[in-house]
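**Student:** Let's see this in three dimensions:
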Amino acid sequence: MTLILGGCAAQTSTRYPSLLPRAIESRSDAEPESPVVLAEPEPSTDSALADLRKTLDRTSADFAPAATRAERLADAARGDAPGGERWIAAQTALAELDGYRATTSATLSAVDTMASDRITGGKPEYPAIATLQTAAQAALEAQSTRITAISAKLRSA
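**Tutor:** Numbering: from 1, shown residues only. Prediction:
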């Protein structure tokens, strides 16, 4: 029996894996922190944004009285058959509102393109673009909602 026990004692500890942490277990899986890059002022971008802002503001200002007029005409034409004089006047006013909405949509598209071009060009985010994007989106939604409400007052052709 001594021979059997001696055989067990002769084994070395290198034969079994160590319970110490391996190199892979000591690394960090945390995302590396990337520095926040602030965009430098760009006069050409600021100029383009100012022009787009003027277009958006002018369109919104022109839309409001036109929408009031269209709503008044739609109220007058409520219940009229399609093709009647008052119905046509209301539809014409709605077409004018669609023109304003198209201008707002084009402005939003231009701002979206500016934002997209910055991303694909690897440039940092430009806060003024995001601000105008939000304003243009809100204006477009408000105009669409108002046009839908006015259209609902008229009979379909």
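**Student:** How about Ser151, nearest residue that isn't a chain neighbour?
**Tutor:** Of all residues not flanking Ser151 in the chain, Leu94 sits nearest, at 6.1 Å (Cβ to Cβ, 6 or more residues apart in numbering). Every C-beta, even on glycine, is put in place using the N, C-alpha and C of the backbone.
**Student:** Pull the contacting residues for that neighbour.
**Tutor:** By Cβ atoms under 8 Å, 6 or more residues apart in numbering, Leu94 lies in contact with 70, 74, 147, 150-151, 154.
**Student:** Go again with 10 Å.
**Tutor:** Shown in contact with Leu94 (Cβ atoms under 10 Å, 6 or more residues apart in numbering): 66-67, 70-71, 73-74, 147, 150-151, 153-154.
**Student:** repeat for Met114
**Tutor:** Each residue near Met114 by Cβ under 10 Å, 6+ apart is listed here: 45, 48-49, 52, 126, 128-129, 132-133.
**Student:** ok, Asp117 to Ala138 distance?
**Tutor:** 22 Å (Cβ to Cβ, to the nearest Å).
**Student:** Closest to Glu31 out of the contacts of Met114?
**Tutor:** Tyr126 (24.3 Å; Cβ to Cβ).
**Student:** How many neighbouring residues does Ala130 have?
**Tutor:** Around Ala130 there are 12 other residues, counting by other Cβ atoms under 10 Å.
**Student:** my read: it touches Ile119, true?
**Tutor:** No. Look at Ala130 against Ile119 with Cβ atoms under 10 Å: they stay out of range, at 11.7 Å.
**Student:** ok, back up a step: can you redo the contacts of Leu94 as a markdown table with pLDDT and neighbour count?
**Tutor:** Output for those, formatted as a markdown table (pLDDT from 0 to 100; neighbours: other Cβ atoms under 10 Å):
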| residue | pLDDT | neighbour count |
| --- | --- | --- |
| Ala66 | 98 | 15 |
| Ala67 | 97 | 21 |
| Ala70 | 97 | 26 |
| Glu71 | 97 | 18 |
| Leu73 | 96 | 22 |
| Ala74 | 95 | 23 |
| Ile147 | 97 | 18 |
| Ile150 | 96 | 21 |
| Ser151 | 95 | 16 |
| Lys153 | 93 | 17 |
| Leu154 | 91 | 21 |
